[in-house]
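> here are the coordinates; sequence isn't available:
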């Protein structure tokens, strides 16, 4: 290591004097210690679980409902069926938006239909997104990480899984918006 003063100690215990090349190097900078509590300034740390049990349960129910599908004959007719089942979890305005017909194709649904697949959901994590305001009794931002397990029932398919995440704006009784 570097000794204060004149040289460097080697592994054998002797001290070597600096050469012209090392003598002109600037001294190391020592930064002052931080002043806040670990994890940030005093009072800025979040509680371990800021979501109420009702907010977390509503977010999980919504995510599991809209991401579960049954593409076997006589079951779901398209990807919007799962959104229609989510009616109890969303506001009227959001329901109208998520169940509106679309002209876009849905490659994923086409694949599931061809495989006559069922899609189940496992929730991996429910949390307040970084930078979001602390939840209140009336409003909370929630990020839900989940995994869809695809089980084909036709001979051509093979099981697979897809990871996803969604950010939600929760009201006191329903999902107000799906943010991503």
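Happy to help now that I have it. Bear in mind the structure is a predicted one, so any value in this text is a computation, not a measurement.
> Next up, the contacts around the residue nearest to residue 174 when sequence neighbours are not counted.
Using Cβ to Cβ, 6 or more residues apart in numbering and skipping residues adjacent in sequence, the residue nearest residue 174 is residue 91, 5.0 Å away. (C-beta placed from N, C-alpha, C; glycine too.) With contacts defined as Cβ atoms under 8 Å, 6 or more residues apart in numbering, residue 91 is in contact with 171, 174-176.
> which residues of the chain fall in strands?
8-9, 15-16, 69-70, 118-127, 140-151, 160-170, 175-178 (DSSP state E).
> Take those strands and write them to TSV, including mean pLDDT.
Shown next, in TSV, are the strands of the chain (pLDDT from 0 to 100):
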stretch	mean pLDDT
strand 8-9	38
strand 15-16	43
strand 69-70	96
strand 118-127	97
strand 140-151	97
strand 160-170	95
strand 175-178	88
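> nearest to residue 53, of the ones you listed?
Closest approach to residue 53 among these (Cβ to Cβ): strand 118-127, 10.6 Å.
> The closest one packs against which elements?
Counting contacts by 3 or more Cβ pairs under 8 Å, 6 or more residues apart in numbering; DSSP states H and E, strand 118-127 packs against helix 53-66, strand 69-70, strand 140-151.
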